[in-house]
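Asks: fold the following for me, if possible:
(4 chains)
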Amino acid sequence: MKSSQNKVTTLALAIASLVKDNCHLSIGGFTINRNPMAAVYEIIRQKKRGLHLYAHSNGQGVDELVGAGCVNRLEIAYAGSGRFAPTCVRFRRAVEKGELKVEDYSNYQMTLRFMAGAMGLPFLPTRSGLGTDIIKHWGFAQDLRNNDESLPKQKLVTIDNPFGDWCDSPKLVLVPAINPEVTIIHVQQADRRGDARIQGLTFADVEQAKAARHLIITCEELVEEDFLKQEPDRNQIPFIHVDAVVPITWGAYPTACYKHYDYDPRYLNNYRLAAEDEERYQAYLTEKIMRTADHQEFIALNDDEHLKTLIADPETGYATGLKRDR
Amino acid sequence: MKSSQNKVTTLALAIASLVKDNCHLSIGGFTINRNPMAAVYEIIRQKKRGLHLYAHSNGQGVDELVGAGCVNRLEIAYAGSGRFAPTCVRFRRAVEKGELKVEDYSNYQMTLRFMAGAMGLPFLPTRSGLGTDIIKHWGFAQDLRNNDESLPKQKLVTIDNPFGDWCDSPKLVLVPAINPEVTIIHVQQADRRGDARIQGLTFADVEQAKAARHLIITCEELVEEDFLKQEPDRNQIPFIHVDAVVPITWGAYPTACYKHYDYDPRYLNNYRLAAEDEERYQAYLTEKIMRTADHQEFIALNDDEHLKTLIADPETGYATGLKRDR
Amino acid sequence: MVKKETDYSLREMMAIAAAREINDKEIVFCGTGISMLAAMAAKNISAPQSTIFFETGAIDSRLEEVPLAVADSRVMHATAVNGGLAEAFATMQNRFTGSRVVGILGAAQIDIYGNLNSTAIGDYQQPDIRFSGSGGACDVASFVNRTIVFMQHEKRKFVEKLDYFTSPGWIDGPGGRERIGLGPGGPEAVITNLGILRFAKESKKMYLAATYPDVTAAEIQQNTGFTLDLEEAEEFPPPTAKELKILRERCDPQRLILD
Amino acid sequence: MVKKETDYSLREMMAIAAAREINDKEIVFCGTGISMLAAMAAKNISAPQSTIFFETGAIDSRLEEVPLAVADSRVMHATAVNGGLAEAFATMQNRFTGSRVVGILGAAQIDIYGNLNSTAIGDYQQPDIRFSGSGGACDVASFVNRTIVFMQHEKRKFVEKLDYFTSPGWIDGPGGRERIGLGPGGPEAVITNLGILRFAKESKKMYLAATYPDVTAAEIQQNTGFTLDLEEAEEFPPPTAKELKILRERCDPQRLILD
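Replies: Okay, here's the model as predicted:
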């Protein structure tokens, strides 16, 4: 029940109780910013398998879940980590080896699909995709869709505008809603009952959160309800959508968390190097993820000096002057 | 051109240059809060006629424009001013006398129509309206629509869900986009190039603003660009949508402006009493509106003592303890 | 009809009756006027964990003074989130949150299936009486699981056929909502100045569930434009001293809505 | 191909070439990498009133350091509004703002009509090479009035037929966009490591507009998988000292993207 009781729990419990094998999961963030990495690593530690993952442009989080073998099916618009990996390496290998079923959409299509889910609608329209292979090529074939209640029967549907030439849009692409069983997002501030405030760009996190049957919020800071209620204009997610609240500092590391810390260029570059080699990658998984009991231990693998360099400048919101070339 | 030049102008100039007779106009606010009243009164003073007005639940602003004879056609969801006028009086008279053509929608339908306009889409879907007379009864008949390029050919269209029973929605109502020629909203803060910050509930102002071909923003405070850029999370409208910026204190009076002043119960009650009688209403129009040169003079009709009682408590955002029974 | 002297007003009775319908932990959609008082009373009496919610985008408002409109700045104070209409209605259409919302509505006309008219009496194009229109009423009635309706109990308001069908109730009976494409749920109670009416499980037809003290079932039938089943009618327990105290002192001390 | 010694790198040349395409007062959509440098350079050189805009929801970012992704916190600093993807793409699909946006894109493959592939080489289900996918590319290419495309100039990238059609250019020639239901506009220039290509007014086919110093038209044709009209080709004026100074010192002093 998503009412106003205290929902604070541990990451281990939240993942164990809500993220089941083969469940339909969506994670927030974008490429190298505000990915719910602590949750991603906990899912890997708990060896979840067969996940059906939804994302728009999540780079690091998606690639680590795919690399660890947690994901069977992926609906996505973009799998890259900016300059650190124009195409996510483990994602690319898995697709090229046929180990991962992918269905491609555009960023706006994925955003609208989450928005439709949040609005309680079966679809939303757009002009994006007309004439392209995004409409023609389905990642999940018709028979798979017919035998899986959790998938819409069609990937995308093109219709003529029922209002004729109104708004100069003779044709529209209808994108089907996504209602993930679980969405996980990382935010800067939340209170015990689940009200949440994201600082900086929200990406599609709010839509992903409200579209989900169950919502796990990890937060840098656990704050008092009255603190958030003093400036409700700055909050985005009311507690009525939330199942679990997990306070966890550095919860988005190695991706960035605006106003708190920057992404870690060294980690992301080393990750790419590891990802490019099977042996190195297995070593990475074992040493960095599986051998650390939780995110706190994982973060503790860094010396404080290094972490200090990542702390955000309170004015700019990022680590001004951070050395980012390697 | 809506680029980053200084767009500050006077209300008289903004209305004269952008609000033409017979134009399609939309105004922001909701019942008795943040209506762009200064602009409404200036439109009345400039004797604009034949306006096609769009609103969702604007009470006071709509009723004064209708009462002054500025409006021929109205698309609306709700015409009331809360406890001060459960049904707006001049609106009611005009409709009952057949002097005003009205087309009814629901609040969500109107919101989605503005949202579709803002999104550059010809329509958006909803389940609201299924089975009701909102779909069956058109305020504007087919022949009127066929002969007016500015109206969609249908009021509302019901379709079967192309994705079958996806999201348990067998049928959807499609609501056509609205792209007003001009939208006018009143906000708490804006800068010279038009970036704007609304405090408190945004109602559908942001959608109305972005759907419009031309946008006039009236603001309580004109602030420096750098001030708004220090906390961009709190801004809603970027300058790229804006044509004119008009700083005008008490710009929403007699409706409320959260964090600045409350609605004026005395004015709103007196307005209703005047509105109920033809003679009294003509006297009201002459003395309060036509004989005042601008909003400043109009506000000056109040003694300072009275205005002081309306000043918002900085913490609650309204005039705590304000006498509201008459 | 004749009204006896009582130590509470009928509006107070109606507000308390509606408040008693609200379950704890529900999200309460309220409109302007008495429905706000009902929500405030419920929150202060029987449903402390209920969440007050407005179509304007305010959720979990801290109502220290009674708002005189759903857009009153008083609904913006100390909310969980200040959003807008788009967010508010999406919360009700949303599959997971909408099912936990109870909507409180009012109307000018109601029929035996709880369908509502809040738009016009007479011809739509040039009505005899024009009302405010749907506002959010059609949206709420279409989206949420339960609605409670406030009505003045008069024959011309409880009608065989609505002059204008603004908001869906049970449409034309069992399966009616499903046939037109709406989800489950619908009106549960109609609270009037004479008593409480509910809808039969099977037929979805309105019946008399309770009469206020000193009001007879016959009196209620006389003021209803269609035939009511009166068999189930019980006498409604009057407001308690505690309920009245909270309603008067905590919810509307200025009696802005109660009078 | 053979690359001569020059006092500027080809990446610098490409960034400057793209910057020169940007008009003042335009809203510039840029992706990760060199397109950001181009937008930053334009803003600092020839288009001071242009507005830098990212699909992540940042508009008019104050870029004091070059972002390494469109979601880099650096794009969130001192913006006009920090929104999200929904707002960003709506701004491009919007009739009034979208027409003022210029999009800068990159791709793995391009055809003679400027259609793009950024998804896969080989069979879609199990590709020989998998790329990141559309991201916002298909959206931008579908919505805005003009796009500029960055390409590495190789035969396997300038192809007769795309392995996967990710983003619309001029489709199949004149009227192609209208036939599939898209609005006006499309790709205007393709900026490669060898020169600048544009699209013929009538045929909408790509032609060679300019060659970089020390690059021949024949060399460019050799690296193109379809026949180019070479008649219009001029020599491209190299970056000025001022352009290079601003690009190097103001836009990417750490050479995070230039190297």
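Asks: in the stretch 1-150 of chain C, what residue comes closest to chain D?
Replies: As assessed by CB to the nearest CB, chain D sits closest to residue C:86 within the stretch 1-150 of chain C, at 10.6 Å. The C-beta positions use only the backbone N, C-alpha and C, and glycine is treated the same way.
Asks: and the nearest residue to that residue once chain neighbours are set aside, its phi and psi?
Replies: Once flanking residues are discounted, residue C:86 sits nearest to residue B:111: 5.4 Å by CB to CB, 6 or more residues apart in numbering or on different chains. Dihedral angles of residue B:111 (phi, psi; degrees, to the nearest 10) stand at phi -60, psi -40.
Asks: that older thread, in terms of helices and strands, where is the residue of the stretch 1-150 of chain C closest to chain D?
Replies: helix C:85-93 (DSSP states H and E).
Asks: so who does residue A:83 touch?
Replies: The neighbours of residue A:83, taking CB atoms under 8 Å, 6 or more residues apart in numbering or on different chains as the test, are D:32, D:33, D:68, D:69, D:256, D:257.
Asks: now with 10 Å, please.
Replies: A:31-32, A:265, A:268-269, A:324-325, D:32-33, D:36, D:66-69, D:72, D:256-257 (CB atoms under 10 Å, 6 or more residues apart in numbering or on different chains).
Asks: sorry, back to before: surely the residue of the stretch 1-150 of chain C closest to chain D is in contact with residue B:203?
Replies: Yes - using CB atoms under 10 Å, residue C:86 is in contact with residue B:203, at 9.5 Å.
Asks: now the common contact residues for the two.
Replies: B:111, C:57.
Asks: element containing the residue in the stretch 51-200 of chain C that chain B sits nearest to?
Replies: Closest approach of the stretch 51-200 of chain C to chain B (CB to the nearest CB) occurs at residue C:69, with a separation of 2.7 Å. Under DSSP H and E, no helix or strand contains residue C:69.
Asks: ditto for residue A:186
Replies: In the assignment (DSSP H and E), residue A:186 maps to strand A:182-190.
Asks: where in chain C is pLDDT low?
Replies: For chain C, applying pLDDT under 70 flags the ranges C:1-6.
Asks: which parts of it sit against chain A?
Replies: Contact residues, chain C versus chain A (CB under 10 Å from any CB of the partner chain): C:24-27, C:48-51, C:53, C:58-62, C:76-83, C:86-87, C:89-101, C:143, C:183.
Asks: PyMOL command to pick out the buried ones of those?
Replies: Buried residues among the residues of chain C next to chain A (16 or more other CB atoms under 10 Å in any protein chain shown), as a PyMOL selection:
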select buried, chain C and resi 25+26+27+50+51+53+58+59+60+61+62+76+77+78+79+80+81+82+83+86+87+89+90+91+92+93+94+95+96+97+98+99+100+101+143+183
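Asks: which residue lies nearest the spatial centre of chain C?
Replies: With distances taken as CA atoms, centre = their mean, the residue of chain C nearest its centroid is residue C:149 (2.9 Å).
Asks: surely it meets residue C:192?
Replies: Yes - contact criterion CB under 10 Å: residue C:149 and residue C:192 qualify, at 8.9 Å.
Asks: got any residues that touch both of those two?
Replies: The contact sets of residue C:149 and residue C:192 overlap at residue C:110 (CB under 10 Å, 6+ apart).
Asks: in a strand, the residue nearest to the centre of chain C, correct?
Replies: Yes - under DSSP: H, G, I helix; E, B strand; the rest coil, residue C:149 sits within a strand.
Asks: now the residue lying closest to it once chain neighbours are set aside: how far from residue C:199?
Replies: Leaving aside its chain neighbours, residue C:149 sits nearest to residue C:190 (4.7 Å; criterion: CB to CB, 6+ apart). Remark: distance between residue C:190 and residue C:199 (CB to CB, to the nearest Å) = 8 Å.
Asks: what about these two, which has more around it?
Replies: Neighbours per residue (other CB atoms under 10 Å in any protein chain shown) separate residue C:190 from residue C:199, with residue C:190 holding more: 26 against 22.
Asks: quick check, the more buried one in a strand?
Replies: Yes - applying three-state DSSP, one finds residue C:190 inside a strand.
Asks: tell me the contacts of the residue of the stretch 1-150 of chain C closest to chain D?
Replies: Going by CB under 10 Å, 6+ apart, residue C:86 touches A:119, B:108, B:111, B:112, B:114, B:115, B:202, B:203, B:204, B:206, B:207, C:57.
Asks: the second one touches residue C:87, doesn't it?
Replies: Same thing as residue B:108. No - counting by CB under 10 Å, residue C:87 is not a contact partner of residue B:108; they are 11.0 Å apart.
Asks: touching both of these two, which residues are there?
Replies: Counting by CB under 10 Å, 6+ apart, the contacts common to residue B:108 and residue C:87 are residue A:119.
Asks: in stretch A:130-142, what's buried?
Replies: Within stretch A:130-142, the residues that qualify as buried are A:130, A:131, A:132, A:133, A:134, A:135, A:137, A:138, A:139, A:140, counting by 16+ other CB under 10 Å.
Asks: that older thread, list the beta-bridge partners for the residue nearest to the centre of chain C.
Replies: residue C:105, residue C:190 (DSSP bridges).
Asks: list the contacts for it?
Replies: Contact analysis of residue C:149 by CB under 10 Å, 6+ apart lists C:18, C:35, C:103-107, C:110, C:114, C:116, C:137, C:141, C:167, C:169, C:187-192, C:197, C:206.
Asks: what subset of the residues you listed is buried?
Replies: Buried, going by 16+ other CB under 10 Å: C:18, C:35, C:103-107, C:110, C:114, C:116, C:137, C:141, C:167, C:169, C:187, C:189-192, C:197, C:206, out of the contacts of residue C:149.
Asks: okay, strands next: where are they in the stretch 151-300 of chain A?
Replies: In the stretch 151-300 of chain A, the strands defined using DSSP state E, counting those that start in this stretch lie at A:157-160, A:171-176, A:182-190, A:196-197, A:214-222, A:244-247.
Asks: is there proximity between the third one and chain D?
Replies: No - if you take CB under 10 Å from any CB as the test, strand A:182-190 misses chain D, and the best it gets is 11.7 Å.
Asks: which elements pack onto that strand?
Replies: Helices and strands touching strand A:182-190, by 3 or more CB pairs under 10 Å, 6 or more residues apart in numbering or on different chains; DSSP states H and E, are helix A:11-18, strand A:24-27, helix A:37-45, strand A:196-197, helix A:205-211, strand A:214-222, helix A:225-230, strand A:244-247.
Asks: check the ones you listed for me and report the most buried one.
Replies: Across the helices and strands packed on strand A:182-190, averaging neighbours per residue (mean count of other CB atoms under 10 Å in any protein chain shown) puts helix A:205-211 on top, at a mean of 28.
Asks: tell me which parts of the stretch 101-250 of chain A are close to chain C?
Replies: Applying CB under 10 Å from any CB, one finds that the stretch 101-250 of chain A approaches chain C through A:115, A:117-121, A:177, A:179, A:191, A:193-197, A:206-207, A:210-215, A:225-226, A:228-241.
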